[in-house]
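A.B. asks: Next come a sequence and a model predicted from it.
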Amino acid sequence: MSRYVNARPVVTDINGDPIVGAKKFFFEISGGNIPKTIYKDRELLIPHTNPVISDPNGRYVGIFLDGLYLEEQQDNSGTATGYDGVTLWTEEVGNLPQATEWGLYNVSKEYSATSIVTYNNKYYKSRINNNIGNTPSVSSVAWSEVNISEFWNFSKAYDKGDTVIGSDGFNYISTTDNNSANDPISSLNWITNTRKMRTAIDTDSSEDRMRVVFSPPYTVLKDGDEIIVRSLARNTGNAPMVISIDSVPDKNIMKNGNNSLYGGDIYGAGHELILKYNIANDVFELLNPSVDSAGRVVQKFIGKLSSRISGSNPFVATASIPSFTDGDEFMFITYTPQYDDSELHIEFKGDFVISGAGGVVSAAIFVDSIVNAIGASSVGYGDTIRFFQVGVEAVQIVNNNLNPIRIAVRVGDPTASTLIMNGDSATTSLYGGKQVATLTVTEVRPNG
């Protein structure tokens with residue numbers, strides 16, 4: 001808009017006296033005496049009479065223009081408002097219409113590439129200069145729809161559904177009317193409509209606790225709040241991890257719908273944890289544990305032994321659980337688990353020759369100093385079969401222990417016959433090849 005500036009502020013007769021009731025017409029610049037709307041207000045909302053009639057001082061007041069006009073000044077002859085007076089002069093007035101920032105869209109205005117208008121209760125920003133006659137829409141090449149949000153004001157009362165920007169830079173929506181003096185960051189009267197991911201670094205190197213500080217600090221947690229925390233240590237044990245955030249009461253870290261973490265779900269220093277607050281369970285859910293698939297093999301170790309080993313201690317337990325006094329220890333390895341909730345799948349294979357005449361050879365697997373075997377098997381042999389292979393498998397649960405585990409294999413028969421593993425002499429071997437006994441451990445993460 002522009003206020004009308006009259007180059008001849010007073011219309012006078014030939015004697016220089018003001019003319020009362022003179023008529024000023026405003027037409028389209030293109031000619032043809034086509035009337036063009038003029039206005040009484042700066043916002044161009046209230047149309048003015050056209051023609052405008054001069055006051056007792058021969059003046060015209062309160063005229064606002066929208067673009068270019070052809071002005072024609074007539075005297076007061078003829079009818080009061082008719083186009084029948086004597087024309088005193090004609091001239092171009094006004095200027096090219098420009099955008100009114102935040103104003104209503106006007107089809108006759110020319111907008112620049114920085115102009116913002118409202119149309120159908122939405123905001124649009126011009127994408128081009130010389131933008132005229134292009135109706136704003138989401139698909140327009142001349143306009144882009146924009147989202148306008150104000151920063152939260154402590155002194156303002158907001159209505160339900162109002163959107164503001166909090167001091168943390170995130171958008172918030174008011175959940176109630178007359179919502180004043182409630183900081184969106186900490187008040188439950190606001191919810192965020194964006195994925196809010198604030199970041200912090202763990203300052204507690206404990207294996208069962210994390211401690212973080214945010215700026216601005218949290219004073220209350222809202223359902224769905226998400227944070228990223230860089231860990232300092234690996235968690236151990238199948239138990240909740242505790243996190244302390246600013247002045248908020250401590251919360252447990254769980255996973256998969258309020259289930260406890262497994263040891264190693266937080267793999268150690270540098271793990272960027274994505275945590276989402278669940279208000280129903282009052283816990284943080286770990287969305288990215290280090291193990292994200294069930295039954296995954298995390299480590300496999302194969303112990304090998306090619307030395308000739310012999311023994312003749314009887315293997316008494318043939319119908320009961322073997323103990324570490326049965327048979328002789330032919331092989332052992334030491335294995336360190338990677339996770340404290342893993343399953344260790346253990347398998348032994350060895351080639352034996354026996355001096356006895358027909359019977360049963362048994363083998364059993366033992367862990368650490370546990371008296372009873374965790375797995376056992378037997379193989380029969382006849383009078384003429386002196387060479388055979390012994391195999392046994394077992395499964396051991398690590399059970400919250402990451403210390404090295406000693407795994408041993410004992411083999412024997414009830415008659416105390418002499419057994420030799422990996423060949424019956426230093427110069428002979430089974431099938432002419434070198435024999436090697438193997439003790440294999442495959443560490444597997446469990447389901448969950």
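C.D. replies: Happy to help now that I have it. Residues are numbered from 1 along each chain as shown.
A.B. asks: Any idea how far apart the tips of stretch 398-407 sit?
C.D. replies: 12 Å (C-alpha to C-alpha, to the nearest Å).
A.B. asks: Would you mind listing the outside residues contacting that stretch?
C.D. replies: Residues outside stretch 398-407 that contact it (C-beta atoms under 8 Å, 6 or more residues apart in numbering) are 236-238, 263, 332-337, 339-344, 346, 365-368, 396, 439, 441. For glycine as for every other residue, the C-beta is placed from the backbone atoms N, C-alpha and C.
A.B. asks: what about burial for these, which qualify?
C.D. replies: Among these, those classed as buried by 16 or more other C-beta atoms under 10 Å are 236-238, 263, 333, 335, 337, 339-344, 346, 365-367, 396, 439, 441.
A.B. asks: is it true that residue 129 touches residue 112?
C.D. replies: Yes. Counting by C-beta atoms under 8 Å, residue 129 sits close enough to residue 112 to count as a contact (5.2 Å).
A.B. asks: Please tell me I have it right and residue 248 contacts residue 221.
C.D. replies: Yes. Using C-beta under 8 Å, residue 248 is in contact with residue 221, at 5.8 Å.
A.B. asks: In terms of neighbours, single out the busier of the two.
C.D. replies: residue 221 (20 against 16; other C-beta atoms under 10 Å).
A.B. asks: Look up how far residue 253 lies from that one.
C.D. replies: Note on residue 221: its distance to residue 253, by C-beta to C-beta, to the nearest Å, is 13 Å.
A.B. asks: Please apply the same query to residue 228.
C.D. replies: Counting by C-beta to C-beta, the gap from residue 228 to residue 253 is 13 Å.
A.B. asks: which residues are in contact with both of these two?
C.D. replies: With C-beta under 8 Å, 6+ apart, residue 228 and residue 253 have common neighbours 273, 275.
A.B. asks: okay, those two: which has more neighbours?
C.D. replies: residue 253 (24 against 15).
A.B. asks: and residue 285, how many neighbours does it have?
C.D. replies: Residue 285, neighbours per other C-beta under 10 Å, totals 18.
A.B. asks: Isn't it up against residue 254?
C.D. replies: Yes. In this structure residue 285 lies within contact range of residue 254 using C-beta under 8 Å: 6.0 Å.
A.B. asks: Okay, residue 86 and residue 355: tell me how far apart.
C.D. replies: Residue 86 is 144 Å from residue 355, by C-beta to C-beta.
A.B. asks: nope, residue 281 is what I meant
C.D. replies: Distance from residue 281 to residue 355, by C-beta to C-beta: 66 Å.
A.B. asks: What of residue 392?
C.D. replies: For residue 392 relative to residue 355 (C-beta to C-beta), the value is 22 Å.
A.B. asks: Between those two, tell me which one has more neighbours.
C.D. replies: residue 392 (24 against 13).
A.B. asks: Let me see the confidence value for that one.
C.D. replies: Per-residue confidence (pLDDT) for residue 392: 84.
A.B. asks: likewise residue 219?
C.D. replies: pLDDT, read off for residue 219, is 85.
A.B. asks: Residue 371 against residue 323, yeah?
C.D. replies: Yes. The criterion here is C-beta under 8 Å, and residue 371 meets it with residue 323 at 5.3 Å.
A.B. asks: ok, the two, which is more surrounded?
C.D. replies: residue 323 (16 against 10).
A.B. asks: Confirm for me that that one is in contact with residue 372.
C.D. replies: Yes. When contacts are counted by C-beta under 8 Å, residue 323 is listed as touching residue 372 (6.0 Å).
A.B. asks: C-terminal to the worst-scoring helix or strand of the chain on mean pLDDT, what's the next element?
C.D. replies: Between all helices and strands in the chain, the lowest mean by mean pLDDT, DSSP states H and E belongs to strand 2-3, at a mean of 66. Scanning forward in sequence from strand 2-3 by DSSP states H and E, the next helix or strand is strand 23-27.
A.B. asks: How about that following strand, which residues are buried there?
C.D. replies: Per 16+ other C-beta under 10 Å, strand 23-27 contains these buried residues: 23-27.
A.B. asks: what is the mean pLDDT for it?
C.D. replies: Mean predicted lDDT for strand 23-27 stands at 94.
A.B. asks: Likewise for stretch 161-175?
C.D. replies: Stretch 161-175 shows a mean pLDDT of 83.
A.B. asks: for stretch 368-381, same thing?
C.D. replies: Rounded mean pLDDT across stretch 368-381 is 87.
A.B. asks: For it, C-alpha coordinates in CSV please.
C.D. replies: The C-alpha trace of stretch 368-381 is given here as CSV (Å, rounded to 0.1, in the frame of the first residue of the first chain):
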residue,chain,number,x,y,z
ASP,A,368,36.4,-75.5,36.1
SER,A,369,36.3,-77.4,39.4
ILE,A,370,32.7,-78.5,39.0
VAL,A,371,32.5,-82.1,40.2
ASN,A,372,29.9,-83.3,37.7
ALA,A,373,30.3,-83.4,33.9
ILE,A,374,28.2,-81.0,31.8
GLY,A,375,28.1,-83.6,28.9
ALA,A,376,29.1,-87.2,28.2
SER,A,377,28.9,-89.9,25.6
SER,A,378,30.1,-93.5,25.1
VAL,A,379,31.2,-95.6,22.1
GLY,A,380,31.4,-99.4,22.0
TYR,A,381,34.2,-101.4,20.4
